[in-house]
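Q: need a 3D model of the sequence below.
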Amino acid sequence: MGLMLIEDAEALIAGGVQNAGGVWADLGAGTGTFTLALANLLGEGGTVHAVDASSSALAQLERRARGLSGARVVTTVGDFTEPLSLDDLDGVLMANSLHFVDPRTQAHVLAA
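A: Numbering: from 1, shown residues only. Sure thing, here's the model as predicted:
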C-alpha cells in the first residue's frame, strides 16, 4: 500500500470535526498528511498546531503546506508525551501516533 492521500485522511476524520475554524493540535504530526487534512476541514479561520519530535518531518510538512488553502499550520518540535504549551484547544488529533507510546503510560498521556 502506498502513502495515504490527504483526501483519504480527510474522509477518515471528517466526522470528528464538527465546525469550521477553531484551534486544534495534531500530536505526532509527522510529515503532515492528517495535519493538512485537518487544515482543509477547519478552513481559513482555523489553526492547527502540528507537534512532532522530528524536525525534519515538520520541515517536510511546512513545505507541503506552502501555498495550500485552509487553516494556518503552526509546527512545534516536541514530545507529546510531555507537557505542551497548547491551551484552549477545540480538538486534538492523534492519527498513527499513540501506538508509539508505551502501553503502560498511554492513559496518562491521553489524560494530560
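
Q: so which residues of the chain form helices?
A: Assigned by DSSP state H, the chain shows helices spanning 6-13, 33-42, 55-65, 106-111.

Q: first-to-last residue distance for stretch 6-24?
A: 17 Å (C-alpha to C-alpha, to the nearest Å).

Q: now do the buried residues in it.
A: For stretch 6-24, a neighbour-count test (16 or more other C-beta atoms under 10 Å) marks 6, 9-10, 13, 17, 22-24 as buried. All C-beta atoms are positioned from the backbone trio N, CA, C, and that covers glycine.

Q: same check on stretch 59-71?
A: Judged by neighbour count using 16+ other C-beta under 10 Å, the buried positions of stretch 59-71 are 61, 64-65, 70-71.

Q: just want the most central residue of the chain.
A: The residue lying closest to the centre of the chain (C-alpha atoms, centre = their mean) is Asp26, at 2.0 Å.

Q: where in the protein is the helix or strand with the lowest mean pLDDT?
A: helix 106-111 (a mean of 88; mean pLDDT, DSSP states H and E).

Q: which residues touch that one?
A: For helix 106-111, the external contacting residues (C-beta atoms under 8 Å, 6 or more residues apart in numbering) are 80-81, 98, 101.

Q: and the end-to-end length of stretch 4-18?
A: End-to-end for stretch 4-18, by C-alpha to C-alpha: 23 Å.
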